[in-house]
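Undergrad: Just the structure for this:
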Amino acid sequence: MIPERFINASVIAGLLAVPLWALMADEIFTITLTTRAVILALAAVGLNIALGMGGLVSFGHAVFFGIGGYAMGILAFHAQTFAPLELGPLTIEGTKSMPVIWLVATVASALTALVIGLLSLRTTGVHFIMITLAFGQLFFYFTISWSAYGGEDGLSIYVRNSFPDLNTLVPIQFLGLCFAALCLALLLQWRLRNSAFGLALNAARQTPQRVETVGLNPMRLKLLAFVISGAITGLAGALFADLNRFVSPTMFSWQLSGELIILIIIGGVGRLMGPVIGAAIFVTLEHWLGGLTDFWHIWLGVILLVIVLFGRGGVIGLLTGKEGPHV
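TA: Next up is the predicted model:
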């Protein structure tokens, strides 16, 4: 069996090799596809902290993805129209600065995750899944009726936002930013998993009663994981909106939440590179099979079925011969 460390290193090397080959071969679209895979992987890494480490099956994680996207869209929209954002007595100028947009998207998503987590974590199991789904639908229908920012038609941003000393319109440079964000998120997940917090969270996922007996609060542990998870997914949403230069209510859809869970299951729940492998497979199938048939999701379903039945540790579990954590 293949050591997991070797798989992790190979995945990172592959993410670097593919766009470099595409750059030399002048295959710009391949760079864009890689960027899409990296951003989806970043969103799934965020969810994996809640799902793989905390055992929280959230069917509403698209909320944070959408909030990150709309944070980017609203700030960039007011910058390109030169019209300030009026929030009661506050007047906020728009901006095209990526670091500022990322900060706003991350903080807004984290605060939203805090509120949703405080309410949702009072329940467990199916009830938790349904409450997170309900929050997702709430935001989805709110943005549909939000006519100030396009409503159902969404909101277009005509110029990509800026980053100091970089030309973000160059695909390989924008990919570099997204790849750096993914690496930082993976590093954070690795540090959390091997920290005292990660060990306590893992214990709270398996036996919350025993965690309480040693003086720890399982709900607080899971809430912190949920907030960190939401913040990372919100950052991914801002990057995704910048990639497409477009935001719409579909960023809040339950289908997107389901896709993020599928990415993690395909790669391996709780595995460091599970979301990355899942995102790469998903984008590859979407591109290659999507050009052949509109029903390419059937093959994605077949892959998911095979993994669930024969490899509960996902692709990484099949390669290493070890199952991941049971959620």
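Undergrad: how near is the residue nearest the centre of the chain to I2?
TA: Nearest to the geometric centre of the chain sits A43, at 0.9 Å (C-alpha atoms, centre = their mean). Applying C-beta to C-beta, to the nearest Å, the value for A43 to I2 is 26 Å. Where you see a C-beta, it was placed from the backbone N, CA and C, and this is true even at glycine.
Undergrad: now do I116
TA: Distance of I116 to I2, computed by C-beta to C-beta: 38 Å.
Undergrad: V302 too?
TA: Using C-beta to C-beta, we find V302 at a distance of 24 Å from I2.
Undergrad: next one: L318
TA: Taken as C-beta to C-beta, the span from L318 to I2 is 10 Å.
Undergrad: of these two, who's got more company?
TA: The neighbour comparison of L318 against I2 (other C-beta atoms under 10 Å) goes to L318, with 18 against 12.
Undergrad: contacting residues around the more buried one?
TA: When contacts are counted by C-beta atoms under 8 Å, 6 or more residues apart in numbering, L318 touches I307, F310, G311.
Undergrad: want to throw these into TSV with pLDDT, neighbour count and secondary structure?
TA: Converted to TSV, these look like this (pLDDT from 0 to 100; neighbours: other C-beta atoms under 10 Å; DSSP: H, G, I helix; E, B strand; the rest coil):
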residue	pLDDT	neighbour count	secondary structure
I307	81	21	helix
F310	78	9	helix
G311	71	18	coil
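Undergrad: In JSON lines, list those residues along with distance to K96.
TA: What follows is these, written out as JSON lines (distance: C-beta to C-beta, whole Å):
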{"residue": "I307", "distance to K96": "41"}
{"residue": "F310", "distance to K96": "48"}
{"residue": "G311", "distance to K96": "45"}
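Undergrad: tell me what the helix or strand hosting N48 is packed against?
TA: Assigned by DSSP states H and E, N48 belongs to helix 28-48. Helices and strands touching helix 28-48, by 3 or more C-beta pairs under 8 Å, 6 or more residues apart in numbering; DSSP states H and E, are helix 4-24, helix 171-193, helix 218-244, helix 254-267, helix 274-288.
Undergrad: can you give me the angle the longest one makes with helix 28-48?
TA: Right, the one you point to is helix 218-244. Orientation of helix 218-244 against helix 28-48 (axes from the mean of the first three to the mean of the last three C-alpha atoms, to 10 degrees) gives an angle of 170 degrees.
Undergrad: what about helix 218-244, average pLDDT?
TA: Per-residue pLDDT over helix 218-244 has a mean of 96.
Undergrad: Buried residues in it, which are they?
TA: Judged by neighbour count (16 or more other C-beta atoms under 10 Å), helix 218-244 contains these buried residues: 218, 221-244.
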